[in-house]
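Visitor: Sequence and predicted model, in that order:
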Amino acid sequence: MTTTHFGFESVDEAEKARKVRGVFDSVAPKYDLMNDLMSMGLHRAWKAYTLMVANLKEGDRALDIAGGTGDLALAFAKKVGDSGQVVHTDINQAMLSTGRNRLLDLGVSLPTLVCDAEKLPFASNYFDLVSVAFGLRNMTHKDVALAEMNRVLKPGGKLLVLEFSKVAAPLEKAYDWYSFKVLPRLGKLVAGDDASYRYLAESIRMHPGQKELKAMMHKGGFGHVDYHNLTGGVAALHVGIKC
């Protein structure tokens, strides 16, 4: 049996996918509200910065992996226009349905697909941009997923990985207190689910730090990789350019 981590727990690899799916099935209805509450709205600024770094142009093709409720996909669609393409994907049907319905309510219809980032069903060298926001840490084989993201990008294409990361040392104690004491209680109060938000805090601690993820992206085929710490490293935006 091959094991991996689900938060601080060690589980069978096949079991992790089921457990992660259960987390997002549970939180999907309150996902956007909880994001606003637990980040005090900062996730919107982080995604706005990601959009700026993406620098999409009219006619570009973009793939949003783990696109969830569709906020980045919507922003990308406005940049690429009718001549471009944005594909909105997630491995979780509940999250994707929530996002698709939200976009349709706004009058936006995008290609929407349930797919696994470790086995992307797209042609090689197709997209100008691939993004994954707050999804990489939930993937079992991050190295495989990064290699797949590299494969579907055009040469010179850009990967953006927005993810919770390692905070600056002076913030660690306060951040740990918030993560393990406040966040699960907030999840219980608002979403009726403390366990999923406890997993969130644990999964952040198990995710590679900034330098480690940068090295993984290099190994996945990206020639130039850089990262931008956001809010003292609470989140980081990694940028990789395909050779």
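Guide: That came in fine, so what should we check first?
Visitor: Just checking: what are the partner strands of the top strand by length along the chain?
Guide: Among the segments of the chain that qualify as a strand by DSSP state E, the longest is strand 153-164. Taking DSSP bridges as the criterion, strand 153-164 forms sheet pairs with strand 127-133 (parallel), strand 235-242 (antiparallel).
Visitor: the strands in this structure, which residues?
Guide: Going by DSSP E, the chain shows strands at 3-6, 9-12, 61-65, 85-90, 112-114, 127-133, 153-164, 222-230, 235-242.
Visitor: Dump those into a markdown table; add mean neighbour count and distance to residue 23 as well.
Guide: C-betas here are computed from N, CA, C, even on glycine. A markdown table is the format used below for these (neighbours: other Cβ atoms under 10 Å; distance: least, Cβ to Cβ, whole Å):
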| stretch | mean neighbour count | distance to residue 23 |
| --- | --- | --- |
| strand 3-6 | 17 | 9 |
| strand 9-12 | 14 | 12 |
| strand 61-65 | 27 | 17 |
| strand 85-90 | 25 | 13 |
| strand 112-114 | 15 | 16 |
| strand 127-133 | 25 | 16 |
| strand 153-164 | 21 | 15 |
| strand 222-230 | 16 | 23 |
| strand 235-242 | 22 | 19 |
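Visitor: Using TSV, lay out these together with mean pLDDT.
Guide: TSV is the format used below for the strands of the chain (pLDDT from 0 to 100):
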stretch	mean pLDDT
strand 3-6	80
strand 9-12	78
strand 61-65	98
strand 85-90	98
strand 112-114	96
strand 127-133	98
strand 153-164	98
strand 222-230	98
strand 235-242	98
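Visitor: So which of those is nearest residue 199?
Guide: strand 3-6 (7.1 Å; Cβ to Cβ).
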